[in-house]
Structures are given as C-alpha cells and as structure tokens.
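Enquirer: Sequence plus predicted model, see below.
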Amino acid sequence: MQPEPFTLLMTVYGGDREEHVRVAFRSAVHDQTLRPDQVVLVQDGPVSEALSACLRELVAGSPAEVSFVQLEHNRGLGPALDAGLRAARHDIVARMDADDIAMPHRFQTQVPLVRSGADLVGGGLLEFGTDVSDIVGQRIPPSDPADIARYSRLHDPFNHPTVVYRRSAVVAVGGYGDLPLMEDYWLFARMIANGARVVNVAEPLVYYRVGDGAYERRGGRDLLRSELRLQREMLGEGFISRPQYWRNVVVRGGYRLVPTLIRRPFYRMVVAPYGARRNRSRERADAAAPAVVAALTYVPRHARQHEQTRAPVAPLPAPTEPPCL
C-alpha cells in the first residue's frame, strides 16, 4: 500500500519578494527528502510582473503537480489559506510561508506523525537575518500535548510556518476565518478545544526570516485590536476563563504597546524559550517516573473523551538540540 499523499500549501501576495519566494518554494519542494504530492500555490491579489513571472517559472519547473489559485483581490492570509484548502486534494496538508526556508528533512520528520494519527504537528524554527548563516534566535515549542493545551491559554503553542495538519480537522472547526494577524492562533485553539491530537517536534525544521521590522510588526494598534478580538472570541467559546481573559488582555495587550526595544528582548528571553524549558522538565519527569508519564502522554484535556475512538499516534523522536550551523 502506498503511503498517504500530502499537499503543500503556500500563499504569495504583492509584498513578497521574488527571490525569497523562489528559495522558499525550492526548499519545500525540490530539496525535500519527502516531496509533496501536490502543491497548492495561492496568489492573494495582484502582484508585480517580476513576481508573476517568478510564479510561472516555479509552476512550470516544479517536480510536483501545482494547483495555482489566483484571487482577484488581496483578502488576507486567513481567507487565502481557506481558498487553498479548498483546492487541496489530500487530507494531509503542510504549510509553508513564502519567505522562509524549509530544512530538507522537514516533511520526512512531520508527515509520518500525521499519517500515524496526529491531527496537527508543529516544529521548532531558527530565526535568521540576511541568510541562514546569520542565526539571530530560535523558537522551540512545547512538545507534550498537555503542555501545548496549557500554554495555548496564553500564547500560540505552534509556529505557524512549521505546521502539518489534517485538512478535515481544520475544516471541522470552520477553517482559518478572517481574524487578521491572529488567524492561526484562533484556528489552533479551536482545534485543541475540539479534541484534535496535537504535538510539536522540538527540533528546528524551518529557517524563519525575521529581517527588518519583524518585531515592530508584533506591536501597534492594528495588532492590539486583533489581539482583543481574539481574547473575546476565546472567552466566548469557553476556551479561556474570565480571569484568564483579563490576564491575557493585560499581558498580551501590554506586550503589543511596549516599545520594540523592550518587546524584542522580552520575546527572546521569555516567550521563545518556553518550550525548551518545558521539554527539559518533561524529560526529567520521564526519567523519574516513566510508567506514570507514559500513561498520561499524548491526550490534551479536551481530547480525553475521544481517546477510545482515535487511532494511536506513533511516539515522537526525542527532542534534540538545534544543529550546529
């Protein structure tokens, strides 16, 4: 029997640079040890002639079939991804941003976990500046589903550019929707609440381009408005309690308003390393009481009622240190 196929989903808009798009596409298609069976490439609104020519070149030269979806107007990331999901022929879908670089073993590492029963698998990433030799930070997410579910009440527990998921699990909660700048966090929260089986691979699998203005974009009034709307949605759905709502408004809302000179070190020292700290704590717990830990792993609180009806998930590789660069 042939392994279950998967689709790569990638969106491009007028603000993307053709040289970044070309490198991102090749890293996620040509250079993968496990190549996608279909690529869905969404053009979100008008683009420059140079970028349009780049997209035609990528489609023509792709070793995998490409389904090209062209949206007449720029609709934003959430609606563009929903349009791409409608064009996906396979239930396993891997996300890729148009300015990042996938490590060659990314899909070889993540896709088998979804094939084995997971609904959503994320990974770590390395932040880079001018090129991948210029590593400026890393984000190691929490690996254990219990930690993911707990952390999701305060922060997005997945690095969106790294995720691979079941299309059916995404559609079951209504897709991405249109919550600008927060669509991925809201999607993942709804998936967790709906009992999706989730996990992160601690190992970095994507080089994430930060460039100029990356931390400036994590603040400002527009992002604050989206942040407050997200918190209202999570409270209304019962995903967070009212005390958690007010904590998030103060902590996350305040984070959007502080100057970038404060936001950058706070994120790198407190937020980004959280997963690594939790993973080390879990490793110590595993060593101290392996039988007890084994009995509790892989089922977030919201999913326990579904445990008897879901297929088992293959164990994850042990968290590893980032590769030397």
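Expert: Cool, the structure landed. Because the structure is predicted, anything quoted here is derived from the model rather than measured.
Enquirer: leaving aside the residues next to it on the chain, what's closest to Tyr207?
Expert: Computed as C-beta to C-beta, 6 or more residues apart in numbering, the closest residue to Tyr207 that is not its neighbour in sequence is Ile101, at 4.1 Å. Every C-beta, even on glycine, is put in place using the N, C-alpha and C of the backbone.
Enquirer: Tell me who's in contact with that neighbour.
Expert: When contacts are counted by C-beta atoms under 8 Å, 6 or more residues apart in numbering, Ile101 touches Val23, Ala24, Ser27, Val132, Val206, Tyr207, Arg209.
Enquirer: Inside strands: which ones of these?
Expert: Filtering the contacts of Ile101 for membership in strands, criterion DSSP state E, returns Val206, Tyr207, Arg209.
Enquirer: Out of these, which comes closest to Pro5?
Expert: Pro5 lies nearest to Val206 out of the ones in strands among the contacts of Ile101, by C-beta to C-beta, at 21.4 Å.
Enquirer: So that closest one is in contact with Val164, correct?
Expert: No. Judged on C-beta atoms under 8 Å, Val206 makes no contact with Val164 at a distance of 11.3 Å.
Enquirer: Which of the helices or strands spans Val93?
Expert: Element membership of Val93 [criterion: DSSP states H and E] is strand 92-96.
Enquirer: Direction included, what does that strand pair up with?
Expert: Strand partners for strand 92-96, identified by DSSP bridges, are recorded as strand 6-13 (parallel), strand 164-166 (antiparallel).
Enquirer: Serialize those to TSV and add fields for mean pLDDT.
Expert: TSV is the format used below for the strands paired with strand 92-96 (pLDDT from 0 to 100):
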stretch	mean pLDDT
strand 6-13	98
strand 164-166	98
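Enquirer: now these as TSV including distance to Leu55 and mean neighbour count?
Expert: Listed next are the strands paired with strand 92-96 as TSV, based on distance: least, C-beta to C-beta, whole Å; neighbours: other C-beta atoms under 10 Å:
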stretch	distance to Leu55	mean neighbour count
strand 6-13	7	25
strand 164-166	23	26
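Enquirer: Need those in a markdown table (columns: distance to Glu57).
Expert: Shown next, in a markdown table, are the strands paired with strand 92-96 (distance: least, C-beta to C-beta, whole Å):
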| stretch | distance to Glu57 |
| --- | --- |
| strand 6-13 | 13 |
| strand 164-166 | 26 |
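Enquirer: Contacts for the strand holding Val93, please.
Expert: When contacts are taken as C-beta under 8 Å, 6+ apart, the neighbours of strand 92-96 outside the stretch itself are 4-10, 24, 28, 36, 81, 85, 102, 107, 110-111, 114-115, 160-167, 170.
Enquirer: ChimeraX command for the buried members of those residues?
Expert: Entered in ChimeraX, the line below selects the buried ones among these, by 16 or more other C-beta atoms under 10 Å:
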select :6,7,8,9,10,24,28,36,81,85,102,107,110,111,114,115,160,161,162,163,164,165,166,167,170
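Enquirer: What about the contacts of strand 92-96, which are in helices?
Expert: Ala24, Ala28, Leu81, Leu85, Phe107, Gln110, Val111, Val114, Arg115, Arg167, Val170 (DSSP state H).
Enquirer: Contact partners for the residue lying closest to the fourth one once chain neighbours are set aside?
Expert: Right, Leu85. When the adjacent residues along the chain are set aside, Leu85 lies closest to Arg167, with 5.8 Å between them (C-beta to C-beta, 6+ apart). Taking C-beta under 8 Å, 6+ apart as the contact definition, Arg167 lies against Thr7, Leu85, Ala88, His90, Asp91, Ile92, Val93.
Enquirer: again, 7 Å this time
Expert: Leu85, Ala88, Asp91, Val93 (C-beta atoms under 7 Å, 6 or more residues apart in numbering).
Enquirer: Tell me the one of those nearest Leu41?
Expert: Minimum distance to Leu41 across the contacts of Arg167 is 11.5 Å, recorded for Ala88 (C-beta to C-beta).
Enquirer: Show me what the spatially closest residue to the closest one that is not a sequence neighbour is bridged to.
Expert: For Ala88, the nearest residue in space outside its immediate sequence neighbours is Thr7; the separation is 4.3 Å by C-beta to C-beta, 6+ apart. Beta bridges link Thr7 to Gln38, Val93 when assigned by DSSP bridges.
Enquirer: isn't Thr7 right up against Ala87?
Expert: No. In this structure Thr7 lies outside contact range of Ala87 using C-beta atoms under 7 Å: 8.5 Å.
Enquirer: any residues in contact with both of these two?
Expert: Val40.
Enquirer: OK, contacts around the residue nearest to the spatial centre of the chain?
Expert: With distances taken as C-alpha atoms, centre = their mean, the chain has His160 as the residue nearest its mean C-alpha position (1.8 Å). His160 is in contact with Arg95, Asp184, counting by C-beta under 7 Å, 6+ apart.
Enquirer: Please repeat the previous calculation with a cut-off of 8 Å.
Expert: Residues counted as contacts of His160 (C-beta under 8 Å, 6+ apart) are Arg95, Asp97, Asp184.
Enquirer: before we move on, back to that, pLDDT check: weakest of the ones in strands among the contacts of Ile101?
Expert: Across the ones in strands among the contacts of Ile101, the member with the lowest pLDDT is Arg209, scoring 93.
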